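> 3D model of this:
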Amino acid sequence: MIDSSQFKRIVQSIPILQQADSAFTREFQQAAFFARIPAGHDVFLEGDHVEAIALLISGVVRVYKIGETGREITLYRFGNGSSCILTANAILSQKTFPAVATVEQDAEAVMIPADVFRDWVRRHDLWREFVFELLSQRLSTVMAIVDEVVFQRMDRRVASLLLNQAKKQNPLKITHQEIAAELGSSREVISRLLENFASEGSIHSGRGVIEVLDFELLESLSLM
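Residues are numbered from 1 along each chain as shown. Next up is the predicted model:
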């Protein structure tokens with residue numbers, strides 16, 4: 001059950017609740033519950049039965065697939081005010097979770113039981129619109145990933161990743177293996193590409209650290 005102080009904080013992260021009528025607000029506070037999930041915790045593993053869905057009010061969760069060879073590829077991340085569409089789909093279709101969801105940054109979440117989630121989608125227009133909007137947003141993200149994997153060269157994808165991350169923090173604290181897991185490649189391939197970037201002068205690569213030295217050159221590599 002969600003108390004009044006928790007609900008006020010939740011509304012700030014999930015603005016759609018500001019539009020809810022008193023009946024739905026009461027249902028939400030009675031059915032939902034608050035949870036803290038530490039970084040490194042697996043929310044779901046592939047094949048898990050989904051008993052509840054999490055709406056994050058802080059933290060970050062990474063959703064990814066692991067192939068038969070052990071390679072990983074990130075499908076998407078979700079954070080404040082958002083949720084996992086694969087969890088929603090598993091609940092609505094009553095199937096098992098098809099990927100892995102791991103907390104990257106300590107998270108706080110509102111948990112909604114699966115049977116309640118299905119019931120709200122059926123009975124409440126506001127909630128149904130919220131869920132479908134989440135599905136639409138994440139579908140676009142996943143389609144972009146498919147486009148990258150199928151149609152774009154790995155060197156362009158690595159360059160783009162480094163550029164995007166370096167705009168937030170430079171040097172980057174990231175390993176070759178973490179880049180490989182993010183992009184669905186092998187560490188050996190990533191290491192070779194980073195060596196090429198370094199030899200061209202666009203980056204400097206050290207142990208667990210990569211510094212972008214020439215943003216214009218790296219951007220040109222991302223567009224080749």
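
> distance of residue 163 from residue 45?
Noted for residue 163: a distance of 32 Å to residue 45, by Cβ to Cβ, to the nearest Å. C-beta: built from backbone N, CA, C; applies to glycine.

> from the rest of the structure, what touches stretch 46-56?
Residues outside stretch 46-56 that contact it (Cβ atoms under 8 Å, 6 or more residues apart in numbering) are 10, 13-14, 35, 37, 43-44, 61, 65-66, 78-84, 87-88, 90-91, 96-100, 107-114, 117.

> pLDDT score for the residue nearest the centre of the chain?
Nearest to the mean C-alpha position of the chain, by Cα atoms, centre = their mean, lies residue 77 at 0.9 Å. Reported pLDDT at residue 77 in the predicted model: 89.

> please apply the same query to residue 24.
Residue 24 is given a pLDDT of 92.

> mind listing the strands for the chain?
Counting by DSSP state E, the chain has strands at residues 33-37, 42-44, 52-66, 72-78, 100-113, 203-206, 209-212.

> tilt between the lowest-mean-pLDDT helix or strand in the chain and strand 72-78?
One helix or strand of the chain scores below all others by mean pLDDT, DSSP states H and E: helix 125-151, with a mean of 81. Between helix 125-151 and strand 72-78, the angle formed by their directions is 150 degrees, by axes from the mean of the first three to the mean of the last three Cα atoms, to 10 degrees.

> okay if I get the strands of the chain as TSV plus distance to residue 169?
Converted to TSV, these look like this (distance: least, Cβ to Cβ, whole Å):
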stretch	distance to residue 169
strand 33-37	24
strand 42-44	26
strand 52-66	15
strand 72-78	16
strand 100-113	14
strand 203-206	14
strand 209-212	10
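
> low-confidence ranges, this structure, go.
148, 150-151, 224 (pLDDT under 70).

> per the record, what domains does the protein have?
4-147, 152-223 (automatic domain parsing).
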